[in-house]
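Enquirer: Below are the sequence and a predicted model for it; my questions follow.
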Amino acid sequence: MELEKFSYDNRISRAFAFATIFWAVVGMLVGVIAAFQLAFPALNLDIAETTFGRIRPLHTNAVIFAFVGNGIFTAVYYSFPRVLKTRMYSDKLGWVHFWGWQFIIVLAAVTLLMGFTVSKEYAELEWPLDILITIVWVIFGINMFGTVLIRRERHLYVGVWFFLASWVTVAMLHIVNSLAIPVSFTKSYSAFAGVQDALVQWWYGHNAVAFFLTTPYLGLMYYFVPKAANRPIYSYRLSIVHFWSLIFLYIWAGPHHLLYTALPEWAQSLGTVFSIMLILPSWGGMLNGLFTLRGAWDKVRTEPVLKFFVVALTCYGMATLEGPLLSLKNVSSYSHYTDWIVAHVHVGALGWNGFLTFGMMYWLIPKIYRTELYSKKLASTHFWIGTLGMILYAIPMYWSGFKQSLMWKSFTPEGQLTYTFMDSVQSVIPFYILRAIGGTIYLAGVILMIYNLYKTTKIGSFEAEVEMQAPPLEKTYKAPAKAHWHSWIERRPTQLLVASFIVVAIGGAVEIIPTMLVKSNIPTIASVKPYTPLELQGRDIYIREGCYTCHSQMIRPFRDEVARYGEYSKAGEFVYDRPHQWGSKRTGPDLAREGGKNPNSWHFNHMLDPRSTSPGSIMPAYPWLFENDLNNKTLPDKIRVMQKFGVPYEKDYGKAKAQEDLDKQAQTITDDLKANKINISSKKEIIAVIAYLQRLGKDIKAEK
Amino acid sequence: MKFRNYLETMTGIGIYPLISLLIFFIFFVGCLIYVFKADNNKMEEMKNIPLDE
């Protein structure tokens, strides 16, 4: 048969590779800053844009979507043409994808720091950016799928399946979780409220980890590990089982983030069962990767690329064993809300995503520059520095996590809580310092890599186009008589895409349907009332400042939590919460029952300087809340949107009455402050925040 | 946004997870059967796709 000539384009893979490295530095640097802020609150600088509550979402978004995102694209644009024997479908779409994604990242960074956020973890961006993401994601999909359709290799390699399935699932997750009604260009309210919102959010949050940080990186692994080791994957059979069971199981496991919360019991159990089952395919995948290197262990000793891959796979195995364990209810009762979870995700992020990316870079850059790596020794040094950084990060965080949960749960023989919350904060600060140092060391390794790769590009010469030839795909393929259903699907990308979509959609539906039914699941509590306009405004400031990054609002039904915070949380309490503010981490105490605990004047002083009321606190100060006037321009729109959601404000409430009520309530708080010798205008933002804090958990207390 | 409550009256929601587990199980077993019956040569061929550039 006649051979067709074509070429691979290395420019686009190179662009994505450089972007990956660039955002790695940015994302990790922001992470290091956030880590130091937790040890030394003065580093919040008393400026809105640099406080922890805004920095932390920037860190997570930058690392997940900028660093790992570009890493995924590097792998797709490099491996797709090669395993499909064709150029990418469209150069133009590729560049629109590239610049579109970088543009979104920059906008994301700016808007997050400005406080435009919907406060849903790993999906904080406001609606205009969500739409942009959707557009660019679709462009990426067209380019990827177009490439599959014009391929010259009949069979789709397993790496391709992982990328395609990830693409469909992320699209589904992103759209469902971002559903909201805009109030203005920079503010929207979630289409879901309370328990529903929490469930959708963690269905998304968990699967963002699964289908953004895991499955596409498995696609990457299935290509680059065999390439670097120069031997095929250990077992292709295993990879097939790995693929289908992983995408099937992952999508179900989301509720394990909500154990012991107000989520219906059966949904929690389902999350646990599927999480445990996940161990099998995950370990199958890890072993498949590691066994690929069997008989090549001498090479592992000398090749930094393989060293990175081995540790990455090991970390994948550790994180995917630990994850299911954390989803056991009794383990979760200890681990949830503590630094243990932070340690867990960083084993995955630093070890699995980080090291796999570094390995890919050390292999890829010399390859496309037609040369050897500038220095294997430096790369080995990077490997050791990175490993050390990771250890220095993980061990202190595990330690502080255990310490926190033990201290929180400890009772004296007389039945009193042994420690105050501040005791636990104080005792983990040394670990926070160590963790920040560990992160810095890890980042130093990345800088070393940049130098090494830069030198490599200098000694090599870039190969922009790689000439290739291959026979075209026969139009009329006759399958061998004994062909199986799976080989059928391997040749049919559209069906593969549809099949994997069905697989994840079933899982999705089973998780989402209860959220639709949730009305019947929530015992309605008559005393729960909508927020007053001032409280609503205060709540939106709470969201803007990212208080949820340190504070939960979800008291679990445990003796210690009830003793420390009050009556445990009920599902019906959250029906007006758009979005929910349950939080996932207790760097500070739970606030679900904060209302009435402390006087207004205490909150005033505490928010202005937390260390004046709580010596040794690591909470940032919020001086700008005392200077900014509350912006009520959008209040009528906010009320209108809430009414659309069925919140029972009276008719035309937003027109004038809401503002009147707001002013009245603000005046009451200002008067109370005045009686305590604090003078402040009733127009300031802090008044709204105090109103909101004093409202938290009050409805239930009123019932008694 | 009333759509959320359409299914409110549906009874026996508990069957959902059960059905899904069953679907997974059947699917998984099917997958295993295929994988063990698959043709060795073809597996070899697919395995080597990334290596012959």
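Expert: Received it, and whenever you're ready, just let me know what you need.
Enquirer: The residue lying closest to A:Ala62 once chain neighbours are set aside: which element?
Expert: Leaving aside its chain neighbours, A:Ala62 sits nearest to A:Gly27 (3.4 Å; criterion: Cβ to Cβ, 6 or more residues apart in numbering or on different chains). Where you see a C-beta, it was placed from the backbone N, CA and C, and this is true even at glycine. Assigned by DSSP states H and E, A:Gly27 belongs to helix A:10-39.
Enquirer: how many neighbours does the closest residue to chain B within the stretch 601-704 of chain A have?
Expert: Residue of the stretch 601-704 of chain A nearest chain B, by Cβ to the nearest Cβ: A:Phe645 (6.0 Å). For A:Phe645, the neighbour count with other Cβ atoms under 10 Å in any protein chain shown is 16.
Enquirer: which stretches of chain B have low pLDDT?
Expert: For chain B, the stretches with pLDDT under 70 are B:1-17, B:20, B:53.
Enquirer: go again using 80 as the cut-off
Expert: B:1-21, B:23-24, B:27, B:52-53 (pLDDT under 80).
Enquirer: For stretch A:605-618, which outside residues touch it?
Expert: A:38-39, A:41, A:422, A:425-426, A:429, A:432, A:587, A:598, A:602, A:619-623, A:625-626, A:686, A:689-690 (Cβ atoms under 8 Å, 6 or more residues apart in numbering or on different chains).
Enquirer: and the residues you listed, which of them are in helices?
Expert: Judged by DSSP state H, these include A:38-39, A:422, A:425-426, A:429, A:432, A:602, A:686, A:689-690 as members of helices.
Enquirer: most surrounded residue in those residues?
Expert: A:Ile690 leads the ones in helices among the contacts of stretch A:605-618 on contacts (other Cβ under 10 Å) with 29 neighbours.
Enquirer: Which strands and helices lie in contact with the helix ranked longest in chain B?
Expert: The residue-count maximum for a helix in chain B (DSSP H) belongs to helix B:15-37. Helix B:15-37 sits against helix A:236-250, helix A:265-277, helix A:485-491, helix A:493-516, with contacts defined as 3 or more Cβ pairs under 8 Å, 6 or more residues apart in numbering or on different chains; DSSP states H and E.
Enquirer: Check those helices for me and report the most buried one.
Expert: Between these, helix A:236-250 has the highest mean count of neighbours, a mean of 23, where neighbours are mean count of other Cβ atoms under 10 Å in any protein chain shown.
Enquirer: So is that helix next to chain B?
Expert: Yes: against chain B, helix A:236-250 shows contacts by Cβ under 8 Å from any Cβ of the partner chain at A:236-238, A:240-241, A:244-245, A:248-249.
Enquirer: Could I get the CA-only coordinates of that helix as PDB?
Expert: The C-alpha coordinates for helix A:236-250 follow below in PDB (Å, rounded to 0.1, in the frame of the first residue of the first chain):
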ATOM      1  CA  TYR A 236      -2.500  -4.400  28.000                       C
ATOM      2  CA  ARG A 237      -5.300  -6.500  29.400                       C
ATOM      3  CA  LEU A 238      -4.800  -4.900  32.800                       C
ATOM      4  CA  SER A 239      -5.000  -1.500  31.300                       C
ATOM      5  CA  ILE A 240      -8.400  -2.200  29.800                       C
ATOM      6  CA  VAL A 241      -9.800  -3.400  33.100                       C
ATOM      7  CA  HIS A 242      -8.100  -0.400  34.800                       C
ATOM      8  CA  PHE A 243      -9.700   2.000  32.400                       C
ATOM      9  CA  TRP A 244     -13.300   0.800  32.600                       C
ATOM     10  CA  SER A 245     -13.500   0.100  36.300                       C
ATOM     11  CA  LEU A 246     -11.800   3.300  37.200                       C
ATOM     12  CA  ILE A 247     -14.100   5.600  35.300                       C
ATOM     13  CA  PHE A 248     -17.100   3.600  36.400                       C
ATOM     14  CA  LEU A 249     -16.200   3.700  40.100                       C
ATOM     15  CA  TYR A 250     -14.700   7.200  40.500                       C
END
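Enquirer: I'd like the distance from that helix to the chain centre, please.
Expert: 23 Å (Cα atoms, centre = their mean, to the nearest Å).
Enquirer: elements contacting it?
Expert: helix A:158-178, helix A:215-229, helix A:279-292, helix A:493-516, helix B:15-37, helix B:40-47.
Enquirer: Identify whichever of these lies nearest to A:Thr381.
Expert: helix A:215-229 (18.9 Å; Cβ to Cβ).
Enquirer: Flag every buried residue along stretch A:395-409.
Expert: Residues of stretch A:395-409 classed as buried: A:396-405, A:407-409 (neighbour count, 16 or more other Cβ atoms under 10 Å in any protein chain shown).
Enquirer: And stretch A:290-306, by the same measure?
Expert: Buried-residue list, stretch A:290-306, by 16+ other Cβ under 10 Å: A:290, A:292-293, A:299, A:303-306.
Enquirer: Would you reformat these as TSV and include pLDDT and distance to A:Asn452?
Expert: Shown next, in TSV, are these (pLDDT from 0 to 100; distance: Cβ to Cβ, whole Å):
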residue	pLDDT	distance to A:Asn452
A:Leu290	95	26
A:Thr292	94	25
A:Leu293	92	23
A:Lys299	89	19
A:Glu303	94	14
A:Pro304	96	9
A:Val305	97	12
A:Leu306	97	16
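Enquirer: I'd like those as TSV, with distance to A:Leu213 appended.
Expert: Compiled in TSV, the buried residues of stretch A:290-306 are given as follows (distance: Cβ to Cβ, whole Å):
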residue	distance to A:Leu213
A:Leu290	19
A:Thr292	21
A:Leu293	23
A:Lys299	28
A:Glu303	25
A:Pro304	23
A:Val305	21
A:Leu306	22
